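Chemist: Here's a sequence, model it:
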Amino acid sequence: MIPAVLLVVGGSLFGVLGVLHAWYTFRDLERPRRLVPEDPTVADAMAATGLRLARGGTTMWRAWVGFNFSHSLGLVVLAACTIGLGLGLQSVRVPQSLLLLPPAVGSIHVLLAVRYWFRIPAAGTALGTLCFAVAWALYRLPPY
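Modeler: Numbering: from 1, shown residues only. Alright, predicted model coming up:
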């Protein structure tokens, strides 16, 4: 029971971060205030500068917005998978090795958060990943 609860709690943390990130990105489309450079001239320059890889197909600003939405989607998908796994853990035999995936993916997010992001995502991803790791450590396959 505890591993299931920990998967749901850890997944919920990632889900909240993902939905909040998507909301901030969406709000920034109309009135850029959150996930934007402090210097507005940088955002203007991003909007006026093409992405070399795209050869005129997009701007740095559009790529930035797309990255933020896809990043949010990844967090929400991780959350949905781990919450679903937690909810089904009591009724489905899940190999313990499968439960290594959430802490592995979470650990990558923690490393990214510590290196490139800021405190709130670092703390949230670390706590969610800790929940996943403890769930893995406590999980035992139910008998047939």
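
Chemist: Show me what the worst-scoring helix or strand of the chain on mean pLDDT is packed up against.
Modeler: Here the helix or strand of the chain ranked lowest by mean pLDDT, DSSP states H and E is helix 40-48, holding a mean of 93. Secondary-structure packing of helix 40-48 (3 or more C-beta pairs under 8 Å, 6 or more residues apart in numbering; DSSP states H and E): helix 60-88. Bear in mind the C-beta positions are built from the backbone N, C-alpha and C, glycine included.

Chemist: can you pull the buried residues of the helix it packs on?
Modeler: 60-61, 63-65, 68, 71-72, 75-76, 78-79, 81-83, 85-86 (16 or more other C-beta atoms under 10 Å).

Chemist: packing partners for it?
Modeler: Packing contacts for helix 60-88, counted by 3+ C-beta pairs under 8 Å, 6+ apart, involve helix 2-30, helix 40-48, helix 101-116.

Chemist: again, only this time at 7 Å
Modeler: The contact analysis (3 or more C-beta pairs under 7 Å, 6 or more residues apart in numbering; DSSP states H and E) places helix 60-88 against helix 2-30, helix 40-48.

Chemist: Find the nearest non-adjacent residue to the spatially most central residue of the chain, please.
Modeler: Per C-alpha atoms, centre = their mean, the C-alpha nearest to the average position across the chain is that of L75, at 2.7 Å. Leaving aside its chain neighbours, L75 sits nearest to G18 (2.9 Å; criterion: C-beta to C-beta, 6 or more residues apart in numbering).
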